[in-house]
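Q: coordinates only, sequence not included:
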């Protein structure tokens, strides 16, 4: 029973964190601005791959054909882009300063 209680408490914390960033919780304009900012922080190949996958509904194979790249390259752009987005969002959640922008001054 104690084990189940701990798991439920952890799940409640995770759900609470998710709800803070849920698009349902943000006004439409804020969601659009936030999406634009985080995508602008990505290198162009990662940005295009993510946009084609999520906004155009293409598969990674279709993206590779459209971009005249290998499937492996596109998969690399996709996973690196997702990882970078995750880091940007996690760093913003952990920072105590008010959020001004996700776009950093310098690109890595």
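A: Thanks, I have it. Just so you know, these numbers come straight off a predicted model, no measurement behind them.
Q: the strands in this protein, which residues?
A: Read by DSSP state E, the chain holds no strands at all.
Q: so where is the protein shaky, pLDDT-wise?
A: Low-confidence regions of the chain, defined here as pLDDT under 70, cover residues 1-26, 93-108.
Q: could you rerun that using 50?
A: Within the chain, the set of residues satisfying pLDDT under 50 comprises 1-2, 96-97, 99, 105-108.
Q: in stretch 49-57, which residues are buried?
A: For stretch 49-57, the buried set under the neighbour-count rule, 16 or more other CB atoms under 10 Å, comprises 49-53. Where you see a C-beta, it was placed from the backbone N, CA and C, and this is true even at glycine.
Q: mind checking which of these land in helices?
A: Restricting the buried residues of stretch 49-57 to those inside helices, with DSSP state H as the criterion, leaves 49-53.
Q: please name the nearest non-neighbouring residue to residue 77.
A: residue 49 (4.1 Å; CB to CB, 6 or more residues apart in numbering).
Q: ok, which stretches of the protein are helices?
A: 2-20, 28-40, 44-54, 60-67, 71-94.
Q: ranking these by burial, who's on top?
A: Relative to the other members of those, helix 44-54 carries the highest mean neighbour count by mean count of other CB atoms under 10 Å, namely a mean of 18.
Q: what is it packed up against?
A: Under the contact criterion of 3 or more CB pairs under 8 Å, 6 or more residues apart in numbering; DSSP states H and E, the helices and strands touching helix 44-54 comprise helix 28-40, helix 60-67, helix 71-94.
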